[in-house]
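[1] any chance you can model this:
(one chain, ligands or ions: 1)
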Amino acid sequence: MFKDEALDSEKVKACVQNAVLAPTSSNLQLWEFYHITDKNVLGEMTSACLGQNAAKYAQQMVVVVVRKDLWRQRAKANLSFLKESFGTLPNKNPTKREKLILNYYQKLIPTVYSDFLGIFGWIKYFLFQIVGLFRPIYRQVRHSDLRVVAHKSAGLAAQNFMVSMAAIGYDTCPMEGSDTLRVKRLLRLGRNAEINMVIGCGLREERGVYGPRFRVPFETVYHRV
Ligand SMILES: Cc1cc2nc3c(=O)[nH]c(=O)nc-3n(C[C@H](O)[C@H](O)[C@H](O)COP(=O)(O)O)c2cc1C
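    Below you'll find the model as predicted:
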């Protein structure tokens with residue numbers, strides 16, 4: 001539960017700018033962030049978030065959206081950036097090391113991310129399993145695997161955002177509990193976009209914290225090898 005006190009949208013936006021500094025798998029940045037400040041949209045979002053308090057009392061919301069479908073564009077953007085920073089075009093051939101890095105985006109990423117109705121992903125998966133009998137190999141090549149990969153990185157961005165908000169005294173609550181189809185419709189997102197997390201933002205109401213923090217015993221989750 002949050003107080004009925006407004007947040008400075010520019011400060012929240014600055015925290016989203018910190019979110020995009022999070023590391024991402026292959027630096028593909030397969031994400032988008034929707035910063036909701038409009039009261040009407042917030043109201044509709046509350047119902048899409050199943051009426052829960054973290055949404056109902058939120059002064060603003062940030063929705064972290066996964067855009068796995070943008071991998072081609074993002075790989076291309078990385079390539080242009082790298083070529084420019086290497087100074088390869090138009091007058092210099094890339095060095096061996098530069099070629100290796102460029103190939104990562106020109107060949108490896110398309111091999112891993114290309115798919116057709118999930119079929120190509122399964123074919124790659126079986127081929128890679130066979131190669132994997134003889135040597136270590138990357139195995140996250142099916143559609144479902146790459147969704148996990150993209151959501152993992154988006155989760156880190158969400159955490160960056162929440163930590164940045166905490167640093168300026170703003171509070172947040174991440175929400176899994178939402179009707180993602182309704183959220184997508186509200187934000188006019190396409191079929192390929194996926195909701196990673198809806199984050200309610202505001203200033204904490206002391207009685208809004210449900211109880212003392214609970215964690216399972218640390219020894220049960222910490223393994224030193
Ligand atoms: C991915 C994710 C989804 C969550 N979904 C909800 C939610 O829908 N509603 C809610 O009130 N809290 C939600 N939470 C918050 C957790 O319930 C909360 O972090 C947990 O109970 C531990 O509490 P603490 O973070 O205050 O220690 C979510 C947290 C995460 C990371």
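[2] please count neighbours and contacts with C-alpha atoms only from this point.
    Fine.
[3] low-confidence stretches in this protein?
    Low-confidence segments of the chain, defined by pLDDT under 70: 88-91.
[4] middle-most residue in it, spatially?
    The centroid of the chain falls nearest to residue 154 when counting by CA atoms, centre = their mean (1.4 Å).
[5] buried sites along the host helix or strand of that one?
    If you go by DSSP states H and E, residue 154 is part of helix 143-167. Residues of helix 143-167 classed as buried under the neighbour-count rule (16 or more other CA atoms under 10 Å) are 143, 146-147, 149-158, 160-165.
[6] from the ligand, how far out is residue 55?
    8 Å (CA to the nearest ligand atom, to the nearest Å).
[7] quick one: residues contacting that residue.
    Contact analysis of residue 55 by CA atoms under 8 Å, 6 or more residues apart in numbering lists 42, 45, 46, 49, 61, 200.
[8] now do 10 Å
    If you count contacts by CA atoms under 10 Å, 6 or more residues apart in numbering, residue 55 has them with 1-2, 42-49, 61, 173-175, 177-178, 198-202.
[9] so is it in a helix, a strand, or just coil?
    Look at residue 55: counting by DSSP: H, G, I helix; E, B strand; the rest coil, its state is helix.
[10] returning to that earlier point: quick one: the helix holding residue 154 near the ligand?
    No: judged by CA under 6 Å from any ligand atom, helix 143-167 makes no contact with the ligand; its nearest approach is 7.8 Å.
[11] and that helix, how far from the chain's centre?
    The chain centroid and the centroid of helix 143-167 are separated by 4 Å under CA atoms, centre = their mean, to the nearest Å.
[12] helix or strand next in line after it, which one?
    Counting by DSSP H and E, what follows helix 143-167 is strand 171-175.
[13] with just CA atoms, put the next helix-or-strand element following that following strand into PDB.
    On the C-terminal side of strand 171-175, the nearest following helix or strand under DSSP H and E is helix 180-186. The C-alpha coordinates for helix 180-186 follow below in PDB (Å, rounded to 0.1, in the frame of the first residue of the first chain):
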ATOM      1  CA  THR A 180      -1.200 -10.000 -18.900                       C
ATOM      2  CA  LEU A 181      -3.500 -10.100 -21.900                       C
ATOM      3  CA  ARG A 182      -5.400  -7.100 -20.500                       C
ATOM      4  CA  VAL A 183      -2.200  -5.300 -19.700                       C
ATOM      5  CA  LYS A 184      -1.000  -5.800 -23.200                       C
ATOM      6  CA  ARG A 185      -4.300  -4.500 -24.700                       C
ATOM      7  CA  LEU A 186      -4.200  -1.500 -22.400                       C
END
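[14] since that was my last question, I'll sign off now.
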